[in-house]
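Student: Give me coordinates for this.
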Amino acid sequence: MKKSYLLVIPALAVLTGCETLQTPQQRRTVQAREQAAARQAEERAYRMQGAVETVEMENARLMQELQSLRSQVNAMNGQISSLNSKMNALDARQKKEMANLIKEVQALLRKGAASRPASSGSSSVHRGSGREHIVESGHTLSAIAQAYGTTVKAIKQANNLKSDQIRVGQKLFIPE
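Tutor: Just a heads-up that it's a prediction; the model follows:
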């Protein structure tokens, strides 16, 4: 409580303004409150400083962890790139080997076809001209058709085949 008092001093009137007249007990109480408030503010400041330091330490730890993860990702990207290159090389080599195998099978089929005479028409299934082919290991209808310049459908019709399955040693009539 602040009160303004007018003090009268002989021949002079003085206005004390904002000062309060307090008893010594009241001054001690006010000082004690002010000191308690100052201590509380100081404690809050220390706690805030501690919280700030904790956040800064956690931030530094997270930054280190992030840098470590970035390094790991970069290393993995390098490994992935290397593996992709190896896979592409393997795919290219496999395609080349497959093309070579197909050429070999076709050559063998042509060689076999050239060495066998045309069928004499002993079966009623065969109509028209063509050749006889004996199935060997690794032969497929599509490879045989390609080697003789015909279609799988034509071979299946000429031999009354219901599916694409053929057996080693099986005789097939290949229509021209």
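
Student: What helices and strands are in contact with the longest helix seen in the chain?
Tutor: The longest helix of the chain (DSSP state H) is helix 24-115. Using 3 or more C-beta pairs under 8 Å, 6 or more residues apart in numbering; DSSP states H and E, the elements in contact with helix 24-115 are strand 130-134, helix 141-148. Every residue, glycine included, has its C-beta placed from N, CA and C.

Student: Quick one: those as JSON lines, columns for mean neighbour count too.
Tutor: Shown next, in JSON lines, are these (neighbours: other C-beta atoms under 10 Å):
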{"stretch": "strand 130-134", "mean neighbour count": "18"}
{"stretch": "helix 141-148", "mean neighbour count": "19"}
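
Student: Out of these, flag the one nearest residue 77.
Tutor: helix 141-148 (41.4 Å; C-beta to C-beta).

Student: pretty sure residue 163 is in a helix, no?
Tutor: No - under DSSP: H, G, I helix; E, B strand; the rest coil, residue 163 falls outside any helix and is assigned coil.

Student: separation between it and residue 87?
Tutor: Computed with C-beta to C-beta, to the nearest Å, the distance linking residue 163 and residue 87 is 35 Å.

Student: more crowded one of the two?
Tutor: In terms of neighbours (other C-beta atoms under 10 Å), residue 87 is the more surrounded of residue 163 and residue 87; the figures are 10 against 7.

Student: Give me the pLDDT for that one.
Tutor: You'll see residue 87 listed with a pLDDT of 95.

Student: how near is it to residue 94?
Tutor: 10 Å.
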